[in-house]
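> Quick one, structure for this:
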Amino acid sequence: MSSKIISPCISICKTEPITGYCYGCARTNEEKKIWKDEKTSDAWKKENLNLIKARMKGWQLDTFNESYKNKEKEGISLYKKNNLQKKI
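Modelled structure (predicted):
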């Protein structure tokens, strides 16, 4: 199994205008850019995952954890998986 750290994007990509955090993953636009940079270290990614989880509470954190776990296991977020199944 790969030790690659999976992006926290769970396919719910809309930024909350007051905080600047994504509703799905709680990242800022700058953090999203850093994740895409191939030079970004795994240490930074692990630290950022902890930071974004600390930003979330309640249903948002529960939803993120469930979808991210599925993405790590199956390679696809639950939101995207459900949308694909609706199209079939």
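> Residues touching the helix ranked longest in the chain, excluding its own?
Among all segments of the chain classified by DSSP state H, the helix with the greatest residue count is helix 58-74. Helix 58-74 is contacted from outside by 6, 8, 10, 23-26, 53, 56, 76-79, 81, using C-beta atoms under 8 Å, 6 or more residues apart in numbering. C-betas here are computed from N, CA, C, even on glycine.
> before we move on, what about stretch 78-88?
By C-beta under 8 Å, 6+ apart, the surrounding residues in contact with stretch 78-88 are I10, S11, I12, G24, E66, S67, N70, K71, E74, I76.
> wait, N48 sits on A26?
No: here N48 does not reach A26: they are 10.0 Å apart, not a contact under C-beta atoms under 8 Å.
> neighbour-wise, which of those two wins?
It is A26, of N48 and A26, that has more neighbours when counted by other C-beta atoms under 10 Å, with 21 against 18.
> for the helix or strand in which E47 is found, packing partners?
Using DSSP states H and E, E47 maps to helix 42-55. For helix 42-55, the packing partners by 3 or more C-beta pairs under 8 Å, 6 or more residues apart in numbering; DSSP states H and E come out as helix 29-36, helix 58-74.
> May I see the buried residues of that helix?
Within helix 42-55, the residues that qualify as buried by neighbour count (16 or more other C-beta atoms under 10 Å) are K45, N48, L49, I52, K53, R55.
> mind checking pLDDT for the fifth one?
Spelled out, it's K53. pLDDT, K53: 97.
> mind listing what it touches?
Counting by C-beta under 8 Å, 6+ apart, K53 touches A26, L61, F64, N65.
> List only buried entries from these.
A26, F64.
> tell me which of the contacts of K53 is nearest to S41?
The shortest gap between S41 and any of the contacts of K53 belongs to A26, at 20.3 Å (C-beta to C-beta).
> Please report how far that closest one lies from N65.
When C-beta to C-beta, to the nearest Å is applied, the distance between A26 and N65 equals 12 Å.
> again with K4
Distance, K4 to N65, using C-beta to C-beta: 19 Å.
> Would you state the predicted confidence (pLDDT) at the spatially closest residue to K14 that is not a sequence neighbour?
If the residues on either side of it in the chain are set aside, K14 comes closest to Y23, at 5.0 Å by C-beta to C-beta, 6 or more residues apart in numbering. Reported pLDDT at Y23 in the predicted model: 95.
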